[in-house]
Structure formats: C-alpha cells, structure tokens
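**Student:** Prediction below, plus the sequence it came from.
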Amino acid sequence: MLPDFPRVRSLLNDLLNEEMEQMVARRQGILNMARRLVIHEGNRMRLRRFDGTVDEKGLEEIKSQITIRQDKLAEGGLAAVREAIQETAQDVAAQQSKVFFDRVREAVQDSGQVVDAKGKPLTFDLVLKMLEQMPIDFDEQGRPEWPSIVCGSRVFEKLRKMEITDEQERRMSKLIEQKRLEWRDRESDRKLVG
C-alpha cells in the first residue's frame, strides 16, 4: 500500500478544484458578464425587481462526475486528468447556461416583457419596442448602459446591417431621455446603506 500524504492530497485537490472553476468560467460565455451572488445558506433565492415585485425560486442542483479510466491515467498521467476535467467543465457550463436562460425566459414571461414578432422579420422598431420595456441604467457621464443581446450569428448580422431612419433616430433619442428620467427616479428612491 502506498503512503498517504494528506497535505499533498489536500493541495492537489485545491489545485484541481481551482482548475475546474477556471475551465467552467472559460466555457460560460455571456454568463461571465452576469453579476454573481454567493448564497451561503438556505435552499431558495428571492429576487426583488426594480418595479418592487418579488420572485422566489428554489435553487437548481448542477452536478457532474469526473471519471478517469486507470489505463488512461497510467498512459497519460496528468494530461488524462486535465482532459477529464475539461469534459466535466463543459458539462457543468452547459448545465449552468441552460438554468440561466430558463430562469431569464421565465422572469421575462412572468413580468410581461416579451415582445413577440409573430413571425415578422427583425426590424429596428422591434428593437425599440424591446428597449421600451426594459429598465436602462446610465453611467456617470449620463450615457445609457445598454443591455447585452444574446443571439445567433444570423440575427447578429441583421442587427449589424440594420439601417435606421431619421424618424427612428428621433424615437430612439426620445426613448433615451425617457429612460434617463426613469433611472433618475429609481436612483432617487434608492435607499442607501450607511
């Protein structure tokens, strides 16, 4: 029997866990932009929206398993471990993405913020309609902090090539001013901790 080195085993475990977290993060794409909140206890999460409504959900379990065959380990050593961790990281990132987009879809539907194009092509008017339903924050210079749009490559190309008329430009400017006023109202109503 081989000797046991608990401190070495613990250090190796910590290194592998850190490697796994980094690999998962690299595979999360847009999820890396989302604000993170660590929940230290409990089995549910309560979200208070900007409009005062509250949404309470149970937590989703995300799990995966690392399996390394002995012959692969003997043949590949640490490279085999790294390969197994990469496969597991891909699985975990895929599960997290699914949960994230399912929750976003539910929240948007529950709050009535869905814009249905009813099969019509994507237009700037539809984009404006979506933006009208969203709270928009502003930076210190008063510039809008636009939401991220998650879409496929075809939709991205349509958005990139979209032409905007003068009338749509005016409507966009008017929308920005309306959102700035709404943001100022939200900020002035905010309770500061101190």
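**Tutor:** Cool, the structure landed. Numbering: from 1, shown residues only.
**Student:** check which helix or strand covers G119.
**Tutor:** Using DSSP states H and E, G119 sits in no helix or strand.
**Student:** what's the burial count for it?
**Tutor:** G119 has 5 neighbouring residues, counting by other Cβ atoms under 10 Å. Glycine gets a C-beta too; all of them are placed from N, C-alpha and C.
**Student:** Count the neighbours of the residue nearest to I68 when sequence neighbours are not counted for me.
**Tutor:** Of all residues not flanking I68 in the chain, A84 sits nearest, at 4.7 Å (Cβ to Cβ, 6 or more residues apart in numbering). Per other Cβ under 10 Å, the neighbour tally for A84 reads 18.
**Student:** Quick check: A84 touching I66?
**Tutor:** Yes: look at A84 against I66 with Cβ atoms under 8 Å: they come within range, at 5.1 Å.
**Student:** can you tell me how far the residue most central in space within the chain sits from A94?
**Tutor:** Central residue of the chain (Cα atoms, centre = their mean): L31, 3.1 Å from the mean position. The gap separating L31 from A94 is 11 Å, by Cβ to Cβ, to the nearest Å.
**Student:** ok, and the closest residue to the residue nearest to the centre of the chain other than its chain neighbours, which helix or strand is that part of?
**Tutor:** Leaving aside its chain neighbours, L31 sits nearest to F100 (5.6 Å; criterion: Cβ to Cβ, 6+ apart). Assessed by DSSP H and E, F100 sits inside helix 78-111.
**Student:** List the buried residues of that helix.
**Tutor:** For helix 78-111, a neighbour-count test (16 or more other Cβ atoms under 10 Å) marks 80-81, 84-85, 88-89, 91-93, 95-96 as buried.
**Student:** and the chain, what are its domains?
**Tutor:** Listed by automatic domain parsing, the domain ranges of the chain are 6-111, 124-189.
**Student:** Out of those domains, flag the one nearest A117.
**Tutor:** A117 lies closest, by Cβ to Cβ, to one member of the domains of the chain: domain 124-189, at 5.6 Å.
**Student:** could you give the mean pLDDT of the closest one?
**Tutor:** The average pLDDT within domain 124-189 is 91.
**Student:** ends of that domain, how far apart?
**Tutor:** Length of domain 124-189, first residue to last, Cα to Cα, to the nearest Å: 32 Å.
**Student:** picking that back up, which residues are in contact with the residue nearest to the centre of the chain?
**Tutor:** The contact partners of L31, by Cβ atoms under 8 Å, 6 or more residues apart in numbering, come to 93, 96-97, 100.
**Student:** Please, where are all the strands along this protein?
**Tutor:** Taking DSSP state E as the criterion, the chain contains strands spanning 44-48, 54-58, 137-138, 144-145.
**Student:** Could you count how many residues lie near I136?
**Tutor:** When neighbours are counted by other Cβ under 10 Å, I136 registers 17.
**Student:** That one contacts K179, doesn't it?
**Tutor:** Yes: here I136 reaches K179: they are 4.1 Å apart, a contact under Cβ under 8 Å.
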